[in-house]
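Colleague: here is a sequence together with a model predicted from it:
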Amino acid sequence: MNELANEINSEETLPTYLQGVKDCIPTLIGYISIGIAAGIVGASSNLSILEVTLLSALVYAGASQFIICALLVSGSPISVILFTTFIVNLRNLLLSMTLAPHFTKYSLMKNIGIGALVTDESFGVAINKIAKKEGMSAQWMNGLNVTAYIFWILSCMLGAIFGKWISNPEAFGLDFSLTAMFLALLVLQLQNIDQGRLKFYLSLIVYVVLLMLVLCMLVPSYVAIILSTIIVATIGVVKDK
Amino acid sequence: MSINLSVLLVILGCAIVTFIPRIIPFIVIRNIELPKIVVKWLSFIPICIFAALIVDSFIIENESLLSIDWSVLAAIIPTLIVAIWSKSLSVTVIVGIVCMATVRFLF
């Protein structure tokens, strides 16, 4: 809790909205390439440009948007689509739980505003900033979130409009931008821990990899992501005495 | 520009079910002091979830057993080295895309 107190005390050095916008830039390639792909998939699932735009603005979740399109095409009942979307996005609960303690001094509305736009990427950039003890503020988080949100909607729209002419975005390796970003975020997280504890953290990563490989044979991968994260975080608490 | 009523309902419904897990912790955690053990548990979440998302990217799900997307795994190795060496998000993303494109071009 000491860290939180420090954040509150260093009021004058709090990161600005503009800094948040700048910190979003490295993640934009990911949003743009995946957004365009999501737009293309939407258009090829017979959604209109308006529907694709609404979907990206209101649901704002890459993986879910792909799955929603696939389920719409297959004619799934609305209950199935809603339930699947809920499960796919359940990991946001974990992300928000981890971020929320750093924003308790702000108003409820500000907190809801931040929470509404949390993504894997914005979470990653924010938690990395927190780990570096660079200070955290609602303005910074909003700068990061809103920039990502705008680029996401525009990219999805662009994908829906020009989708027919961009034959295969995967050929350029753009879809890998997300994985590359998670790799960098993982490395940056490890860099910020005590070097003496590195071995412990590496062992947790090995557990996650093994659990993912086993669980993916039994459940859909979005469920495996949540389960392996919860299980290994618990192992972490138990083993870390 | 057209919008189908049932598609609109699906979009609105999905918006609600994605909004709820995102905001609930931000509403609840304001009003309670988290126990130390929960704070500790939360401290492990970032590393676990990034590792899980990386594994997810090289797993191909199909009906039977597990299969690995070896081309993605092949791109992950140089990208990881660049991430450790550069410690930069943007450098890693750009090099990663080039690695992936190269692997796909060659194989």
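Modeller: Structure's in. What do you need? Only a predicted model underlies this, so the values are computations on that prediction, with no experimental measurement involved. Numbers count the residues shown, from 1 in each chain, chains lettered A, B, ... in the order given.

Colleague: can we go C-alpha only for contacts and neighbour counts from here?
Modeller: Will do.

Colleague: what about the closest residue to A:P26 other than its chain neighbours, which helix or strand?
Modeller: Closest residue in space to A:P26, ignoring its immediate chain neighbours: B:S90 at 4.5 Å, by C-alpha to C-alpha, 6 or more residues apart in numbering or on different chains. Here B:S90, judged by DSSP states H and E, is contained in helix B:89-106.

Colleague: alpha carbons of that helix, as PDB, please.
Modeller: Once non-C-alpha atoms are left out, helix B:89-106 reads as follows in PDB (Å, rounded to 0.1, in the frame of the first residue of the first chain):
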ATOM      1  CA  LEU B  89       7.800  -1.600 -27.100                       C
ATOM      2  CA  SER B  90       7.900   0.100 -30.500                       C
ATOM      3  CA  VAL B  91      11.200  -1.500 -31.500                       C
ATOM      4  CA  THR B  92      10.000  -5.000 -30.500                       C
ATOM      5  CA  VAL B  93       6.700  -4.500 -32.400                       C
ATOM      6  CA  ILE B  94       8.400  -3.400 -35.600                       C
ATOM      7  CA  VAL B  95      11.100  -6.100 -35.500                       C
ATOM      8  CA  GLY B  96       8.400  -8.600 -34.600                       C
ATOM      9  CA  ILE B  97       6.300  -7.800 -37.700                       C
ATOM     10  CA  VAL B  98       9.400  -8.000 -39.900                       C
ATOM     11  CA  CYS B  99      10.300 -11.400 -38.400                       C
ATOM     12  CA  MET B 100       6.800 -12.700 -38.900                       C
ATOM     13  CA  ALA B 101       6.600 -11.500 -42.500                       C
ATOM     14  CA  THR B 102      10.000 -13.000 -43.200                       C
ATOM     15  CA  VAL B 103       9.100 -16.400 -41.800                       C
ATOM     16  CA  ARG B 104       5.800 -16.400 -43.800                       C
ATOM     17  CA  PHE B 105       7.600 -15.400 -46.900                       C
ATOM     18  CA  LEU B 106      10.300 -18.100 -46.600                       C
END
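
Colleague: packing partners for that helix?
Modeller: helix A:17-44, helix A:177-191, helix B:70-86 (3 or more C-alpha pairs under 8 Å, 6 or more residues apart in numbering or on different chains; DSSP states H and E).

Colleague: most tightly surrounded among the ones you listed?
Modeller: Of all the helices and strands packed on helix B:89-106, helix A:177-191 has the most neighbours on average by mean count of other C-alpha atoms under 10 Å in any protein chain shown, namely a mean of 25.

Colleague: now do that one: everything it contacts.
Modeller: A:27, A:29-30, A:33, A:121, A:124-125, A:128, A:131, A:198, A:201, B:46-47, B:50-51, B:53-54, B:57, B:76, B:79-80, B:83-84, B:87-89, B:92-94, B:96-97 (C-alpha atoms under 8 Å, 6 or more residues apart in numbering or on different chains).

Colleague: now the lengthiest helix in chain B: buried residues?
Modeller: Longest helix of chain B, by residue count under DSSP state H: helix B:5-28. In terms of neighbour count (16 or more other C-alpha atoms under 10 Å in any protein chain shown), helix B:5-28 has its buried residues at B:10-27.

Colleague: among those residues, which are in reach of chain A?
Modeller: B:10-19, B:21-27 (C-alpha under 8 Å from any C-alpha of the partner chain).

Colleague: picking up where we left off before, could I get the helices and strands packed on helix B:89-106 as a markdown table with mean pLDDT?
Modeller: Shown next, in a markdown table, are the helices and strands packed on helix B:89-106 (pLDDT from 0 to 100):
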| stretch | mean pLDDT |
| --- | --- |
| helix A:17-44 | 90 |
| helix A:177-191 | 89 |
| helix B:70-86 | 95 |
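
Colleague: closest one to A:N111 among those helices?
Modeller: helix A:17-44 (15.4 Å; C-alpha to C-alpha).

Colleague: from the contact counts, what lies against the longest helix of chain B?
Modeller: helix A:49-58, helix A:78-88, helix A:91-99, helix A:108-116.

Colleague: mean pLDDT for these: which is lowest?
Modeller: Ranked by mean pLDDT, the helices and strands packed on helix B:5-28 bottom out at helix A:78-88, with a mean of 90.
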